[in-house]
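*Asks:* Let's see this in three dimensions:
(chains A and B)
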Amino acid sequence: AQSVTQLDSHVSVSEGTPVLLRCNYSSSYSPSLFWYVQHPNKGLQLLLKYTSAATLVKGINGFEAEFKKSETSFHLTKPSAHMSDAAEYFCVVSDKGNKLVFGAGTILRVKS
Amino acid sequence: EPEVTQTPSHQVTQMGQEVILRCVPISNHLYFYWYRQILGQKVEFLVSFYNNEISEKSEIFDDQFSVERPDGSNFTLKIRSTKLEDSAMYFCASRGPLSHFGNGTRLTVT
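*Replies:* Reported below is the predicted structural model:
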């Protein structure tokens, strides 16, 4: 079965500094991987997806993620954090049948 | 941009009561899902629905749960006799190439 592990439950950065949210996956076949973001009292918004094309995936709001098969990782990065980036971020893998399997989430705090 | 809409945004019900959570998926999508997130826990898959039938369901989705697409637009999740542990945020999703989620219904069972 597919699974994802988000290595940090909370990450705190200062505004203008880089963001790194870590995710490792486990999959018995070539996975489809996603990052979703959830702002308070909002739904789940897709940031970006990896589906076996380019290993470096660019998403919305300046986020990107790199698929590294050798490390089974799909870490999310952003060069410069903005206050509006404060939210919960979910690393997600698509299972057979296309249901989504979520990580536990990482809460990103951005300090001014 | 088309979006998935869920109603109500909040629902409070007493234990043992039936609730129906409603979703309007994106109109040209064919695959529909319900997920839930208990406070402080992971988002969990409940059920997927395609071609007017359940295509997959999780262990959570027991006989107390049912889904229906009563017309061409709505997709509903019914919980027949709610329990305290059903309190959670319930998300509907529909899938074209990608899964799009609604804003969720926060269900509180007292």
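
*Asks:* Look up which residues are beta-bridged to residue A:65.
*Replies:* residue A:57, residue A:76 (DSSP bridges).

*Asks:* Could you report the separation of it from chain B?
*Replies:* To chain B, residue A:65 is 15 Å away according to C-beta to the nearest C-beta, to the nearest Å. Where C-beta positions appear, they are placed from N, C-alpha and C, glycine not excepted.

*Asks:* lowest average confidence, helix or strand, in chain B?
*Replies:* Every helix and strand in chain B was compared by mean pLDDT, DSSP states H and E; the lowest is strand B:99-101, with a mean of 92.

*Asks:* and it with chain A, contact?
*Replies:* Yes - using C-beta under 8 Å from any C-beta of the partner chain, strand B:99-101 reaches chain A at B:99, B:100, B:101.

*Asks:* okay, now the residue nearest to residue A:40 when sequence neighbours are not counted: neighbour count?
*Replies:* Nearest non-adjacent residue to residue A:40, counting by C-beta to C-beta, 6 or more residues apart in numbering or on different chains: residue A:87, 7.5 Å away. Using other C-beta atoms under 10 Å in any protein chain shown as the criterion, residue A:87 is surrounded by 20 other residues.

*Asks:* Equivalent analysis for residue A:59, please.
*Replies:* Number of residues near residue A:59 (other C-beta under 10 Å) recorded here: 17.

*Asks:* any idea which element the residue nearest the centre of chain B lies in?
*Replies:* Nearest to the geometric centre of chain B sits residue B:34, at 3.8 Å (C-alpha atoms, centre = their mean). According to DSSP states H and E, residue B:34 maps onto strand B:31-37.

*Asks:* Name every strand pairing with that strand and say which way it goes.
*Replies:* Looking at strand B:31-37 with DSSP bridges, its partner strands are strand B:43-50 (antiparallel), strand B:88-95 (antiparallel).

*Asks:* Please identify the deepest-packed of those.
*Replies:* Of all those, strand B:88-95 has the most neighbours on average by mean count of other C-beta atoms under 10 Å in any protein chain shown, namely a mean of 24.

*Asks:* what residues does that strand touch?
*Replies:* A:43-44, A:98, A:100, B:4, B:6, B:21, B:23, B:25-26, B:29-39, B:43, B:46, B:75, B:77, B:99-102, B:104-107 (C-beta atoms under 8 Å, 6 or more residues apart in numbering or on different chains).
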